[in-house]
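[1] Pasted the sequence and its predicted model underneath.
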Amino acid sequence: MNHSNHSTRSEHIVNAGLYWLVFAILIAATFLTAWIATVDLGVFNTVVALVIATTKASLVVLIFMHVKYTSEKMTKAILISAVFWLILLLVLSLTDYSSRFAG
């Protein structure tokens, strides 16, 4: 019996050190988010919090979900969608914020 019909999907093995590095970055970014919440940046508090959250989400998707190791088109699609959602959230949040003081 010929077993040459194996799956063409390639498995990528990631070094555990990379996982620990990303974990440390995520923890540091969480502390940064908590610290930034205590700093008065005006309307930029929301902007900074959303940028940090988008960065953390992108790291999780790219590294822990192995999207980084899939096709280049998939990686670009994930990054473009992350930036799109960040911009959408910023526009909606800042529109709401500015409308509260417009009258």
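    Ah, there it is. Residues are numbered from 1 along each chain as shown.

[2] Which neighbouring elements make contact with the one helix or strand A77 maps to?
    Here A77, judged by DSSP states H and E, is contained in helix 72-99. Helix 72-99 is packed against helix 44-59, with contacts defined by 3 or more Cβ pairs under 8 Å, 6 or more residues apart in numbering; DSSP states H and E. Glycine gets a C-beta too; all of them are placed from N, C-alpha and C.

[3] got the angle between the helix it packs on and helix 72-99?
    160 degrees (axes from the mean of the first three to the mean of the last three Cα atoms, to 10 degrees).

[4] Can you point out the buried residues in helix 44-59?
    46-47, 49-50, 54-56, 58-59 (16 or more other Cβ atoms under 10 Å).

[5] which secondary structure elements does that helix contact?
    helix 16-36, helix 72-99.

[6] Indicate which one of those is closest to F64.
    With Cβ to Cβ as the criterion, F64 lies closest to helix 16-36 of the helices and strands packed on helix 44-59, at 7.1 Å.

[7] how many other residues sit next to the closest residue to K68 other than its chain neighbours?
    Nearest non-adjacent residue to K68, counting by Cβ to Cβ, 6 or more residues apart in numbering: L62, 4.3 Å away. For L62, the count of nearby residues is 18 (other Cβ atoms under 10 Å).

[8] how far away is L62 from L18?
    Taking Cβ to Cβ, to the nearest Å as the measure, L62 falls 11 Å from L18.

[9] One more: A77?
    For A77, the distance to L18 (Cβ to Cβ) stands at 22 Å.
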